[in-house]
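Peer 1: the sequence and its predicted three-dimensional model are supplied below.
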Amino acid sequence: MSLSELTEQSTASGETNETDETSAAVGESVEKVDGWGLVTGNARYTDDIPTEDALEGRPLRSPHAHARIRSVDTEAAEAIDSVEAVLTHEDVPDKRFTRTGFPYPAPAPFDEHVLNETVRHVGEPVAAVAARSADAAERAIEAIDVDYEVLEHVLEPEEAMEPDAPTLHPEEYENPQENAVPERNIVCETRHEEGDVEAGFEQADAVVAGEYESQIVQHLPMEPNTTIAWIDDRERLVLRTTTQVSHICRDKIARAFGLNRTDVKVIKPRVGGGFGVRQDTVPNQFISAALALETGRKVRLKNSRKEDLHVSQTRHAQTVEVETGVREDGTITAMHVDITSNTGAYGCHASAVLSNAAHEPMSIYPTENRLFTGRAVYTNLTPGGAMRGYGAVQGTFGLESHIDEVADAIGMDPAEFRRRNVIEEGEESFEPAHSESKPVLESVGVTECLDRACTTVGWADGPDQPDDDRYQRGYGIALTMAKSGVPNSEYSRCSITLEDDGTLTVRIGVGDTGQGSETVMGQIAASVFGLDIESVHVKADDTDATPWDNGAYASSTTYISGNATEKAARDLAGKVRELAAEWHDTAPESVELADGDVSFPDGTSMTLGAFAAEAFEGVRGPKRRLIGTGEHFTALSPKPFAAQLAEVEVDTETGEFEVLRLVNAVDCGQALNPANVRGQIVGGAVMGLGQTLSETLPFDEDGQPDIRGLRDYEVMHAPDLPEIETEIVETYEPTGPYGAKSVGEVSILGPSPAVANAVDDAVGVRISELPITAASIWDGLQEGS
Amino acid sequence: MSQEKKSADSIHICINGERERLDIEPGETLMASLRRAGHYSVKNGCDEGVCGACNVILGEEGLTRSCLVPAASCDGDDVMTVEGLLDDDGRLHPLQEEFLERGAAQCGYCIPGVLLSAYDLLQRDTVPTEEAIADALSGNICRCTGYVQQIEAIQAAAERLPDAEPAAEGEH
């Protein structure tokens, strides 16, 4: 907006808050509330403020995969002019914690300090420096002399569980997870059986078994992890940081340093992507806080891209074994999924990712007899963490690849086999044994997704084959399921103020890192009053200004925070009706709120703006300021579904292949903002293709990350895209805000198995290891011929 | 701090039509000095010339990764950042409008660089095919959108721009 525009507008109408559009905001592809800043370069990310007065922070990182620090000599570093602080493990609190970003205590072992005396992966911070220039900070890092006692390291889970393997966490820790055996590096071991799997296998005509491996990948949000930390004028610790969970981050920082929650403030400015890596309170944040507390000064600590690739929590590498009993008629009689998960140096999300890896994909095929067994294991690699899909990427690659093999074993079309076994409305999802969730699903559109995807490509006819039979094409399909929040864990509270011109200020602590949460909250609030989105301002960016919200993870925001927003808006609407009814001596129920107007039974009406102004000024009685509040906490977690169908072409003479097409049919309940929903579906699918085709974070035998930087980390670029189609298969989730479920994670799950299945359909080669490469297809072709 | 700044030098550049003096430090990249001067739309996504978030249009060089260019070599140059896309009245460029309209910006961190890649393409090719647009974005990493809506937005903007030929004549 410009002053001249505003002047013109107010001269013309005398009001500034009305527009011509009266569209119901929900269900429309309204522009993002933060969109203008994003396309003009005006959005301010963490590091986009002047920091001339800030000290530069730098960590010293371990060159060893496993070492005990005998001593650290910091004298030379401290002697450098302009060095303000040098911290080692001796300077940080003794109490251990987990970086895992759930509300306390979080389902993860308390196995790390801000700086550890034993380092357990290459790149782990050993010491940290704050200096008045970047150059001095770097010189100081180099001047620190560390005496390492290098310990034996282990990189593979199977080896780490051997009796003679080095123990990564020999000291007893708090909050051990289910069946932990720390001396054998087992973070947790779990078993969840329904029915009788042994009996189920005996009823089968065929038992099919397979093993599927997934690799370590990185989130790679475009903004590297960055923190600016300072002590404010009330002596409070403030972090301006790349987080997707501002309230949880505040809680973790406060606990780690023994501070009152009210003495810590976390500002979440615009954040350049997250995908789960910012669910955790990362070493960058703890170290920045420590340096600010130590120096009393503002400290800036920005990871380089290379550091971010090497040391940020990764997707856990997993080995997924599946065994399924099946009858000739296509009935699944029993299923056993066994998963070994490599959690790396710390038990970050170890147990929850493991559990999700099996429970989500297994939910798609309800069968009387099912068993999940699994374990998460420490190794000397960069710790795993939360990443979009949260285990279900790995599990879905395994299970959906396997389902094709099961169908093949009984000679049934894989789409038909899925259709016969897939979950339907009213059936229960397979929930973790300890879960307090209510598993009955009320909106299940997965069969329609399957049918739509198949119809779109003409599944029954198969792909058109090229004239040259050297090139073979195939179709592959995968079904996916995600969630809408962690049952009985998510909590959101929203407050909505009716301003005196009839606009709304929505205060809610959602962690929008680009997915459009603030826009969706604005749409929901606006829709309750029939306002347009321009009449709503969403304030979500710091922990002082917003009530507790768990933040952005587990695909919870639209469902949980959206429900809190809808409740707050309806609470406010109720207050508007009550006051309006008082003025008109009528019943509140008879007052209507629609199209931004307040209408009375006698046929008269006033705009919400006029109503708010009169209430504020006290024209008809005492001055009134109206605020609505709402909170949401639930045992429900409705499931979004998708069918993802890939077409590939394989060169039978080289094994080279190309994904030609990816069809995504997605049931996310009602699409509150169809353009943004499509953005989530496509963005997830392309990230899933990256995991399928090229992405990998390799480590050498010493545990050194084997990439020099971003140039060696192969993500999808625009020219790599296949033809991508998106079909929104709308269902109505009765417990969701305006019928919505989540959509953030469901489309990243399917590309890997869909492509693997398509390769098999094309050339009869089953690839069971990610990423899928021309070399692995070539090997398969050689074995087959 | 003052001591380290003694060696600082300065250059004059013309940023989005405004002449400006930039203080530079030895060995500093154009990206770093632009950002230090408050031009925060120039993003530091990798600092190794791979992600395209720091793209600027640099004089005769055209589209350039400012993290690869020494600031000292830019004395006297014209530099265009994403702010330069706005017209004299501060109105959005069709590219920006189409990005908003089509949900092509999610986190936004890559967007200034992507928009400048698109702008650079449209200077050379007023009726770009989908393939040409994808190629023009080959030096940009977007981790959120999967590029599809960005490609559509660029195509839509191209069709709106005055010197674009009627869509029917393009290769669509």
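Peer 2: That came through, no problem. Numbers count the residues shown, from 1 in each chain, chains lettered A, B, ... in the order given.
Peer 1: how many other residues sit next to residue 80?
Peer 2: The chain I'm using is chain A. A:Ile80: 17 surrounding residues under other Cβ atoms under 10 Å in any protein chain shown. Using the backbone N, CA and C atoms, a C-beta is placed for each residue, glycine as well.
Peer 1: oops, I was thinking of chain B
Peer 2: So B:Met80, with other Cβ under 10 Å, has 21 neighbours.
Peer 1: now do the contacts for it.
Peer 2: Residues in contact with B:Met80 (Cβ atoms under 8 Å, 6 or more residues apart in numbering or on different chains) are B:Ile15, B:Asn16, B:Val56, B:Ile57, B:Leu58, B:Leu116.
Peer 1: next one: A:Leu354
Peer 2: A:Leu354 neighbours (Cβ under 8 Å, 6+ apart): A:Cys188, A:Thr190, A:His316, A:Gln318, A:Ile339, A:Ser341, A:Gly374, A:Arg375, A:Ala376, A:Gly391.
Peer 1: can you tell me the residue of the stretch 151-300 of chain A closest to chain B?
Peer 2: Ranked by Cβ to the nearest Cβ, the top residue of the stretch 151-300 of chain A for proximity to chain B is A:Gly272, at 3.1 Å.
Peer 1: that residue in helix, strand or coil?
Peer 2: Here A:Gly272 is recorded as coil under DSSP: H, G, I helix; E, B strand; the rest coil.
Peer 1: and it, how many neighbours?
Peer 2: Neighbour number of A:Gly272 under other Cβ under 10 Å is 29.
Peer 1: what about the residue nearest to it when sequence neighbours are not counted? Give its phi and psi, please.
Peer 2: Nearest non-adjacent residue to A:Gly272, counting by Cβ to Cβ, 6 or more residues apart in numbering or on different chains: A:Glu223, 2.5 Å away. Phi and psi for A:Glu223, reported as degrees, to the nearest 10, are phi -90, psi 120.
Peer 1: that older thread, tabulate the contacts of B:Met80 in a markdown table, adding columns for secondary structure.
Peer 2: Listed next are the contacts of B:Met80 as a markdown table, based on three-state DSSP:
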| residue | secondary structure |
| --- | --- |
| B:Ile15 | strand |
| B:Asn16 | coil |
| B:Val56 | strand |
| B:Ile57 | strand |
| B:Leu58 | strand |
| B:Leu116 | helix |
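Peer 1: quick one: which of those is most hemmed in?
Peer 2: Counting by other Cβ under 10 Å, top hit in the contacts of B:Met80: B:Val56 with 31 neighbours.
Peer 1: so that residue makes contact with B:Val79?
Peer 2: Yes. B:Val56 is in contact with B:Val79 according to Cβ atoms under 8 Å; the separation is 5.3 Å.
Peer 1: need the residues touching each of the two.
Peer 2: Shared contacts of B:Val56 and B:Val79, counting by Cβ under 8 Å, 6+ apart, come down to B:Leu30, B:Leu34.
Peer 1: skipping adjacent residues, who's closest to A:Leu660 in space?
Peer 2: Excluding its sequence neighbours, the residue lying closest to A:Leu660 (Cβ to Cβ, 6+ apart) is A:Glu647, at 4.7 Å.
Peer 1: can you check A:Ala106 too?
Peer 2: Leaving aside its sequence neighbours, A:Ala106 sits nearest to A:Thr100 (Cβ to Cβ, 6+ apart; 4.4 Å).
Peer 1: just give me the neighbour total for that neighbour.
Peer 2: If you count neighbours by other Cβ under 10 Å, A:Thr100 ends up with 29.
Peer 1: what's the domain layout of chain A?
Peer 2: Domain assignment of chain A by automatic domain parsing yields the ranges A:3-30+A:489-632, A:55-151+A:225-302, A:317-486+A:636-784.
Peer 1: equivalent analysis for chain B, please.
Peer 2: Following automatic domain parsing, one gets these domains for chain B: B:2-84, B:86-162.
Peer 1: need the winner for burial among the ones you listed.
Peer 2: With neighbours defined as mean count of other Cβ atoms under 10 Å in any protein chain shown, the domains of chain B peak in mean count at domain B:86-162, which reaches a mean of 22.
Peer 1: and that one, average pLDDT?
Peer 2: For domain B:86-162, mean pLDDT rounds to 97.
Peer 1: where in chain A is pLDDT low?
Peer 2: Applying pLDDT under 70 to chain A flags residues A:1, A:9-24, A:785.
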